[in-house]
Structure formats: structure tokens, C-alpha cells
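Colleague: quick check, what structure comes out for this input:
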Amino acid sequence: MIFAGCVEEPCLDIPELERRLTNIKEWAVKDTIGNQTIIDSNEIQQTLILSSKDSFYHENIVEDDCGNTFGSYYFSVQYNTSFSPLHLMVDIQGSGISEDGYNLRLTVTNTNGVSVKSSTYDFVTETSRDDSAVITAVEGFQSAGQLYNNVLKFTFKDSMLPNEIKTVYYAKGYGIVKFSEQMGMNLNSVMGRWYVQLTRR
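Modeller: Sure, this is the predicted structure:
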């Protein structure tokens with residue numbers, strides 16, 4: 001006779017979870033990073049506004065059979081522009097709950113209703129959690145003379161309109177440092193300022 005019982009789950013690997021948590025916290029935008037100035041080729045200026053930034057930590061959201069507990073971390077930053085119909089949001093999450101995991105989600109919205117697109121990078125598998133974008137980790141990325149050591153490059157697959165956002169670069173600790181439209185307009189962060197450069201395809 002076979003008796004069915006409870007399946008004993010493995011103990012939480014606390015050192016590994018702590019290592020992952022430390023890593024994702026470093027991806028949050030530093031307190032010294034604020035609004036940026038956008039300057040296009042005609043010297044017309046507007047502001048990339050860091051409209052919202054928040055983080056919090058919940059303790060003891062998961063407990064194993066060994067008596068170990070672990071919490072969860074969440075960081076969110078949102079960007080608007082002073083007159084362009086564009087909103088960008090980045091959510092970073094770290095959790096001992098395996099379904100939540102450790103990830104960074106980018107959402108880009110054209111606020112005139114043309115498009116909303118989103119994709120999530122998984123720091124554990126080092127791949128995208130969906131098929132909305134190709135996400136690659138870039139080491140030693142240069143943008144307008146500034147070097148960033150760790151950057152995630154999001155390339156959306158469904159960009160069809162000329163002014164739709166195609167590619168976004170998010171740098172560890174700095175936030176969004178570059179993005180480009182389908183038609184080839186690039187916006188780069190330059191030593192606390194931003195400028196727009198038209199490129200030929």
C-alpha cells in the first residue's frame with residue numbers, strides 16, 4: 001500500500017537570494033539622477049521628466065520548512081516629456097517567491113493612444129520573459145561620449161509607425177540613457193543633458 005504525503009520542499013538558498021537582491025538593487029536609478037534636458041538638431045529644448053521614483057522592501061513574504069524567511073524588493077521609475085506624447089516606466093522586482101523572481105520590466109506608452117508596449121528581462125535566466133522584444137545585456141556601452149558598464153537593450157519587435165519607440169537602453173544605476181524611434185531618431189543622455197540626433201538607416 002502506498003501512502004501519499006506532503007512533498008518536502010528544499011530550503012531557501014539565502015546567500016544566493018541575497019546576492020541576487022543586492023544585484024537588482026544596483027539597477028535602481030541613483031538618487032543623484034534627475035530630470036534631463038532634450039535638445040534636438042534645431043536647438044529646440046524640452047525636458048525628460050523623472051516624474052516618479054519609489055522603492056520598498058517587504059520582509060518575510062516567504063518561509064521554507066527549514067525556518068528560513070526572505071522578503072521582496074520593488075523599485076519603480078517613471079518618465080514623461082514636457083510636450084511629447086511619451087511615457088516610459090521601469091519596474092524592478094526581486095523576491096524569494098520563485099514565480100516572481102528577479103526581473104526588470106520596461107513599459108513604453110505613446111500617450112496619444114497609438115501604442116503601449118512592454119517587455120520583461122529575467123536576471124536569473126538572463127533572457128526575456130516574453131516575445132515582445134529582444135533583450136540583450138551590453139557591457140561597456142557608449143552613448144554620446146559617456147561609458148556605461150552594464151546596460152540592457154530592449155528592441156521591440158512590433159514597431160511599425162515611424163515615430164514609434166523601437167529601442168530603449170537602460171543603464172545600471174542611471175536609468176534610461178538612450179532610445180530610438182522606428183524612423184531612426186536617437187535620444188542620448190550627455191553628462192546630465194540630453195540631445196536628439198537624426199540618423200540615416
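
Colleague: for stretch 80-94, measure first residue to last.
Modeller: Distance between the two ends of stretch 80-94: 25 Å, counting by C-alpha to C-alpha, to the nearest Å.

Colleague: following element in sequence after the longest strand anywhere in the chain, please.
Modeller: In the chain, with assignment by DSSP state E, the single longest strand is strand 45-63. Counting by DSSP states H and E, the next helix or strand C-terminal to strand 45-63 is strand 69-81.

Colleague: that following strand - contacts with which helices or strands?
Modeller: In terms of contacts (3 or more C-beta pairs under 8 Å, 6 or more residues apart in numbering; DSSP states H and E), strand 69-81 is packed against helix 14-26, strand 45-63, strand 86-95, strand 175-181. C-betas here are computed from N, CA, C, even on glycine.

Colleague: let me have these in a markdown table, extended by distance to Phe156.
Modeller: Output for the helices and strands packed on strand 69-81, formatted as a markdown table (distance: least, C-beta to C-beta, whole Å):
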| stretch | distance to Phe156 |
| --- | --- |
| helix 14-26 | 23 |
| strand 45-63 | 19 |
| strand 86-95 | 12 |
| strand 175-181 | 10 |
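
Colleague: make JSON lines out of those and add distance to Gly34 and mean neighbour count.
Modeller: Shown next, in JSON lines, are the helices and strands packed on strand 69-81 (distance: least, C-beta to C-beta, whole Å; neighbours: other C-beta atoms under 10 Å):
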{"stretch": "helix 14-26", "distance to Gly34": "19", "mean neighbour count": "14"}
{"stretch": "strand 45-63", "distance to Gly34": "6", "mean neighbour count": "13"}
{"stretch": "strand 86-95", "distance to Gly34": "15", "mean neighbour count": "20"}
{"stretch": "strand 175-181", "distance to Gly34": "10", "mean neighbour count": "22"}
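
Colleague: spit out the contact partners of Ser118.
Modeller: Neighbouring residues of Ser118 by C-beta atoms under 8 Å, 6 or more residues apart in numbering: 105-108, 132.

Colleague: can you do 6 Å?
Modeller: Thr107 (C-beta atoms under 6 Å, 6 or more residues apart in numbering).

Colleague: and it, how far from Leu21?
Modeller: Using C-beta to C-beta, to the nearest Å, we find Ser118 at a distance of 23 Å from Leu21.

Colleague: again, but for Val108
Modeller: From Val108 to Leu21 the distance is 27 Å (C-beta to C-beta).

Colleague: repeat that for Thr167.
Modeller: Thr167 is 29 Å from Leu21, by C-beta to C-beta.

Colleague: now do Arg129
Modeller: To Leu21, Arg129 is 19 Å away according to C-beta to C-beta.

Colleague: likewise for Asp130?
Modeller: Taken as C-beta to C-beta, the span from Asp130 to Leu21 is 23 Å.

Colleague: how about Thr127?
Modeller: 20 Å.

Colleague: quick revisit: quickly, which of the helices and strands packed on strand 69-81 bottoms out on average pLDDT?
Modeller: The minimum mean pLDDT among the helices and strands packed on strand 69-81 belongs to strand 175-181 (a mean of 82).

Colleague: neighbouring strands - and their directions - for that strand?
Modeller: Strand 175-181 pairs in its sheet with strand 165-171 (antiparallel), strand 185-190 (antiparallel), by DSSP bridges.
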